[in-house]
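Asker: give me a 3D structure for the following:
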Amino acid sequence: MSEETIKQDGFSSFAEFYPFYLQEHTNDTSRRLHFVGSSLIITVLSFAILTGSFGLLLTLPIIGYGFAWIGHFFFEKNKPATFKYPFYSFIGDWVMFKDILVGKVRW
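Answerer: Residues are numbered from 1 along each chain as shown. Next up, the predicted model:
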């Protein structure tokens, strides 16, 4: 498989994908919405585990995708990479969350 084919079909690694992911998240409000959604996922997941309220786990996709997609559709004005690259986008969300926490990506 040639490099050109890889570029057309997708990305050959997460390291190659992540710069693209960050380009899709240049709007401050969108990044903040992603961060809030990810923070809420951690909060709800922790609460569900600690209290045994496992029904709350059903809300996690709504929380995570809800905040992110509002950011994309209303602020970035683009389509979430999740639709084309679901696995890399999931990882990208958490790497960007970490990068915001450590100051590598602007809040």
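Asker: and the strand or helix carrying residue 91, what's buried?
Answerer: Assigned by DSSP states H and E, residue 91 belongs to helix 86-101. By neighbour count with 16 or more other CB atoms under 10 Å, helix 86-101 contains the buried residues 88-89, 92-93, 95-97, 99-100. To be clear about C-beta, it is placed using only N, CA and C from the backbone, and glycine gets the same treatment.
Asker: and for stretch 38-53?
Answerer: Quick answer for stretch 38-53 (16+ other CB under 10 Å): 38, 40-41, 44, 48.
Asker: what about stretch 17-33, how long is it end to end?
Answerer: Its first and final residues considered, stretch 17-33 spans 21 Å by CA to CA, to the nearest Å.
Asker: nope, stretch 53-72 is what I meant
Answerer: First residue to last in stretch 53-72 (CA to CA) measures 31 Å.
Asker: neighbouring contacts of it?
Answerer: 24-25, 27, 29-34, 36-38, 40-41, 44-45, 47-48, 78-80, 82, 93 (CB atoms under 8 Å, 6 or more residues apart in numbering).
Asker: now with 6 Å, please.
Answerer: Applying CB atoms under 6 Å, 6 or more residues apart in numbering, the external contacts of stretch 53-72 come out as 30, 33-34, 36-37, 40-41, 44, 48, 78, 80.
Asker: what mean pLDDT does that stretch get?
Answerer: Per-residue pLDDT values over stretch 53-72 give a mean of 97.
Asker: same check, this time on stretch 81-89
Answerer: Stretch 81-89 comes out at a mean pLDDT of 93.
Asker: send the alpha carbons of that stretch over as PDB?
Answerer: Written as PDB, here are the backbone C-alpha positions of stretch 81-89 (Å, rounded to 0.1, in the frame of the first residue of the first chain):
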ATOM      1  CA  ALA A  81     -13.800  13.500  13.000                       C
ATOM      2  CA  THR A  82     -15.600  10.800  14.900                       C
ATOM      3  CA  PHE A  83     -17.700  10.100  11.900                       C
ATOM      4  CA  LYS A  84     -14.700   9.100   9.700                       C
ATOM      5  CA  TYR A  85     -12.100   8.100  12.400                       C
ATOM      6  CA  PRO A  86     -14.000   6.900  15.400                       C
ATOM      7  CA  PHE A  87     -11.100   5.100  17.200                       C
ATOM      8  CA  TYR A  88      -8.500   7.800  16.600                       C
ATOM      9  CA  SER A  89     -11.000  10.500  17.500                       C
END
